[in-house]
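In: Need coordinates for the following:
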Amino acid sequence: MTASAERLDLSIVVISWNTRQMTHDCIRSVFDNLGDCRAEIILVDNASSDGSADMVAADFPDVILIRNDDNRGFAAANNQGFEVASGRHILLLNSDTLVHGDVLAQSVAYLDRHQNVGAMGCRVLNTDGSVQLTCGQFPTLFNLLLQTSGLNKLPWPQFFGRQQMSHWARDTERPVQTISGCYLMLRREVLQHVGPLDEDFFFFGEETDWCRRMHNAGWQLMFAPVGEITHHGSVSARKHNHKRDVMLTSAIVRLHRKHGGPLAAAAAWAIIFGFNASRGIGWSLIAGLTRNDRAKERGHHFRMVVRDSLF
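Out: Numbers count the residues shown, from 1 in each chain. Purely as a prediction, here's the structure:
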């Protein structure tokens, strides 16, 4: 970790917000699995209240630590990391992940072998070892309809699962349109070409927008089965309760406004609003008929999402 800037293969940028133990485990897994990869870790803490930043300073003195006085969001915090990154390649790595084996070195080697590939993702596992559906297609209006209608969950035709590419086991190399920010490695030239993350996206949509901009600029995005990580999944986001879904709605609408204009944004909002409203009504009816606690909780959740999406 003391290699000179010109010799660094990789800058790993990790954003933390109240995930102290997971952040510790994530960094530990990176150090344990660097192998011959010459890398630096940059940890940007978004004003955690659980002592995350102090833990990093005490337990991992080689990590470049940036402490924010407030929660600046995922995009802005990553951009702070990019400003001090010195590696030939840059990796966005979530704080709730674990790196396995030689995936870091193999990812660097993959980008080095494929000069036309601007960014890549690897195989991502859930906590239980099942495959997480990262990497897929852009959430077009048609794909949104498939997702919100539930057609994407049908086993046939496979076309319905197109956004998440759900019938693919993530065991083969494939071009993709979006790569999850839980593990997104790109070459430095891409950052210089398309610019940093759009800070108007606070907590969702930023990497999807970034991938779209990379694609529009002529870079190829790939999934490569070079190794695995575990992603526990949305630990920070879950702390927001129903506001998570409100932020997700806002991000998708912003994506469509930015890349498709106001009519596309209005259509995206209508599709998602219809989904949330129908779920709110449905779960509330079930709760009234059965007095089921889970149905009551789900009904309340979706009613709150609808309310906050209107005001």
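
In: Next, the contact list for residue 198, please.
Out: Contact analysis of residue 198 by Cβ atoms under 8 Å, 6 or more residues apart in numbering lists 75, 206, 209-210, 258. Quick note: C-beta positions are derived from backbone N, CA and C, even for glycine.

In: swap the cut-off to 7 Å and go again
Out: Going by Cβ atoms under 7 Å, 6 or more residues apart in numbering, residue 198 touches 75, 206, 209.

In: Check which helices and strands the strand or helix carrying the last one sits against.
Out: Same thing as residue 209. Residue 209 belongs to helix 206-216 when elements are defined using DSSP states H and E. In terms of contacts (3 or more Cβ pairs under 7 Å, 6 or more residues apart in numbering; DSSP states H and E), helix 206-216 is packed against strand 117-125, helix 188-194, strand 220-231, helix 243-260.

In: Columns distance to residue 165 on top of the ones you listed, output as TSV?
Out: What follows is the helices and strands packed on helix 206-216, written out as TSV (distance: least, Cβ to Cβ, whole Å):
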stretch	distance to residue 165
strand 117-125	12
helix 188-194	22
strand 220-231	9
helix 243-260	18
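
In: Of all these, which one is nearest residue 277?
Out: Nearest to residue 277, of all these, is helix 243-260, at 11.8 Å by Cβ to Cβ.

In: which outside residues touch that closest one?
Out: Against helix 243-260 from outside (Cβ under 7 Å, 6+ apart): 139, 200-205, 208-209, 212, 237-238, 240, 264-265, 268-269, 272, 305, 308-309.

In: how does it look with 6 Å?
Out: 201, 203-205, 209, 212, 237, 264-265, 268-269, 272, 305, 308-309 (Cβ atoms under 6 Å, 6 or more residues apart in numbering).

In: now the one residue sitting closest to the centre of the chain: how far from residue 296?
Out: Ranked by distance to the mean C-alpha position of the chain (Cα atoms, centre = their mean), the top residue is residue 181 at 3.2 Å. Distance of residue 181 to residue 296, given as Cβ to Cβ, to the nearest Å: 34 Å.

In: What's the first helix or strand after the host helix or strand of residue 54?
Out: Following DSSP H and E, one finds residue 54 within helix 52-59. Using DSSP H and E, the helix or strand that follows helix 52-59 in sequence is strand 64-67.

In: Return the list of strands paired to that next one, each annotated with direction.
Out: strand 39-45 (parallel) (DSSP bridges).
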